[in-house]
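In: Dropping the sequence and predicted coords here.
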Amino acid sequence: MTYSRRHFLLHSSLGLAMLSSIKMNAMAKAMGEVGLKDYFRDDFKIGTAIGGKLMQELPADYEQLITREFNAITMENDMKWERVHPRPGVWDWALADKFVDFGVRKDMYIVGHVLVWHSQTPKWVFEDTAGKPVSREALLKSMQQHIATVVGRYKDRIAAWDVVNESVDEGNGWRKSPWLNIIGEELMEKAFLFTNEIDPKAHLLYNDYNEHNPDKRAFIVDFVNKFKKRGIPIHGIGMQGHVGLNYPDIKEYEKSIEAYAAAGMRVHITELEVDVLPEAWDHIGAEISTNFAYSKKLDPYTKGLPQKIEDQLTRRYEEFFKLFLKHRDKIERITFWGTGDAESWKKWLPGKRPHQLPVIV
Ligand code: GLA
């Protein structure tokens, strides 16, 4: 596997076509020397997610690619609770440290992902050895200790934290997770307060998928307003951006950017990727516990992407980037969820493919 500009552009379809149609300027001619971060340097930061295997030993061409194209980085998995804090009192910093050192060396905007989430968090956090739920007090203590340790370790180096991930259900208020069941609604504000206490300069985000959904939008705006009134430190909304060729309705996406900004939040597009496969999700987004039986119908492009779909993909990125540029005053950063298809978590979807791509993360 080699990492070239072509590798990146294939994934994102942010080729010359899009760039020159959106930003027709002298820089487009210089494609090859100028990275995406430079094209958009007056608009927003451009980021990518880095997987653990890549971080272990950064291939030189990959390092070159990401330092040329991006000025923001997120660790894909290796700062999540199950990775850095797999057992009580056991911490594994190897990859997270490498990632932060790399970001500091390259002068990147470093994003910490993620402190409190229902997924990729070990069972012991929520259950005692007999399998009984821990007490509210114990879980709050655990949350505080985890946040203090991780945030404290990278204080002043991580610019923004995804403090809480995916805590709102589709139209049904707070997600019914062990966090909510044990702590109650206060879990959100506690997480923000604990983080701010350790690193008062860090920019604190609530991150979620499907935030274009009107019910979810209303719920988020409501809690943001309540938080602000009560002085709970929240500074931005992360809109993940696991989107497809035909979903979501970009008008709803725009309404959410506007609504979050109107509530005083900076908007971060935190995990952008456009899926070209037919829709298989009951509920669309990044719910990774969802699984599908493999079917040919859901996986039609085993011999490569037809030009027609490639063009649709380019147009879809173009549509989103036009929207982002229109709202550049509200948007802090656009982060792609990885630099290439071969690294993508979605190469395992839908269902289990008989023909896996090479595993490199
Ligand atoms: C969510 C998380 C990410 C990642 C994706 C799926 O969006 O925030 O860290 O796990 O799901 O890969």
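Out: Received, thanks. Residues are numbered from 1 along each chain as shown.
In: worst-scoring helix or strand of this protein, pLDDT-wise?
Out: Every helix and strand of the chain was ranked by mean pLDDT, DSSP states H and E. The lowest is helix 16-22, at a mean of 40.
In: Quick one: the helices in the stretch 1-150 of the chain, in order.
Out: Listed in chain order, the helices of the stretch 1-150 of the chain (DSSP state H, counting those that start in this stretch) span 5-12, 16-22, 26-29, 36-39, 52-56, 60-69, 81-84, 94-105, 136-153.
In: right, so of these, which gets closest to residue 116?
Out: Within the helices of the stretch 1-150 of the chain, the stretch nearest residue 116 is helix 136-153; the backing value is 6.4 Å (CB to CB). Any C-beta I mention is one placed from the backbone N, CA and C, and that applies to glycine too.
In: Quick one: work out the angle between the closest one and helix 94-105.
Out: Interaxial angle of helix 136-153 relative to helix 94-105 (axes from the mean of the first three to the mean of the last three CA atoms, to 10 degrees): 40 degrees.
In: For helix 136-153, what is the distance to the chain centroid?
Out: 22 Å (CA atoms, centre = their mean, to the nearest Å).
In: Quick one: distance of stretch 238-257 to the chain centre.
Out: Computed by CA atoms, centre = their mean, the chain-centroid distance of stretch 238-257 equals 14 Å.
In: Keeping just the C-alphas, turn it into CSV.
Out: The C-alpha coordinates for stretch 238-257 follow below in CSV (Å, rounded to 0.1, in the frame of the first residue of the first chain):
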residue,chain,number,x,y,z
GLY,A,238,-19.4,18.1,16.5
MET,A,239,-21.5,17.0,13.5
GLN,A,240,-20.0,13.6,12.6
GLY,A,241,-21.0,13.6,8.9
HIS,A,242,-21.3,9.9,8.1
VAL,A,243,-23.4,10.8,5.1
GLY,A,244,-24.4,9.1,1.8
LEU,A,245,-25.0,10.1,-1.8
ASN,A,246,-28.7,10.7,-1.0
TYR,A,247,-28.9,11.3,2.7
PRO,A,248,-29.3,13.4,4.6
ASP,A,249,-31.3,16.2,3.0
ILE,A,250,-28.7,19.0,2.8
LYS,A,251,-31.3,21.6,3.7
GLU,A,252,-31.8,20.0,7.1
TYR,A,253,-28.0,19.8,7.5
GLU,A,254,-27.8,23.5,6.8
LYS,A,255,-30.5,24.3,9.3
SER,A,256,-28.5,22.4,12.0
ILE,A,257,-25.3,24.3,11.2
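In: So what touches it?
Out: Around stretch 238-257, the neighbours that count as contacts under CB atoms under 8 Å, 6 or more residues apart in numbering are 162, 205-214, 217, 260, 267-277, 279, 284-286, 309, 312-313, 316, 319-320, 323, 326-327, 330-331, 337.
In: Of the residues you listed, grab the buried ones for ChimeraX.
Out: Buried subset of the contacts of stretch 238-257, written as a ChimeraX selection, criterion 16 or more other CB atoms under 10 Å:
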select :162,205,206,207,208,209,210,211,212,213,217,260,267,268,269,270,271,272,273,274,275,276,277,284,285,286,312,313,316,320,323,327,330,331,337
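In: What about the contacts of stretch 238-257, which are in helices?
Out: 214, 217, 260, 309, 312-313, 316, 319-320, 323, 326 (DSSP state H).
In: got the contact list for residue 150?
Out: 79, 84-85, 112, 115.
In: a markdown table for these, including neighbour count?
Out: Output for the contacts of residue 150, formatted as a markdown table (neighbours: other CB atoms under 10 Å):
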| residue | neighbour count |
| --- | --- |
| 79 | 26 |
| 84 | 21 |
| 85 | 23 |
| 112 | 26 |
| 115 | 23 |
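In: Within the sheet, what are the partner strands of the longest strand along the chain, with directions?
Out: Counting residues, the longest strand in the chain under DSSP state E turns out to be strand 266-275. The strands beside strand 266-275 in its sheet (DSSP bridges) come out as strand 236-239 (parallel), strand 242-244 (parallel), strand 331-336 (parallel).
In: And it, how far out from the chain middle?
Out: On CA atoms, centre = their mean, the centre of strand 266-275 falls 6 Å from that of its chain.
In: Do any residues in it lie close to the ligand?
Out: Yes. Strand 266-275 lies within reach of the ligand by CB under 6 Å from any ligand atom, at residue 271.
In: got any ranges where the stretch 151-300 of the chain has weak pLDDT?
Out: 280-295 (pLDDT under 70).
In: switch the cut-off to 90
Out: 170-172, 275-300 (pLDDT under 90).
In: Pretty sure residue 166 sits against residue 207.
Out: Yes. Using CB atoms under 8 Å, residue 166 is in contact with residue 207, at 7.3 Å.
In: show me what contacts residue 175?
Out: With CB under 8 Å, 6+ apart, residue 175 has these contacts: 118, 166-169.
In: tell me the angle the helix or strand where residue 256 lies makes with strand 331-336.
Out: Element membership for residue 256 (DSSP states H and E) is helix 250-262. Interaxial angle of helix 250-262 relative to strand 331-336 (the same axes, to 10 degrees): 130 degrees.
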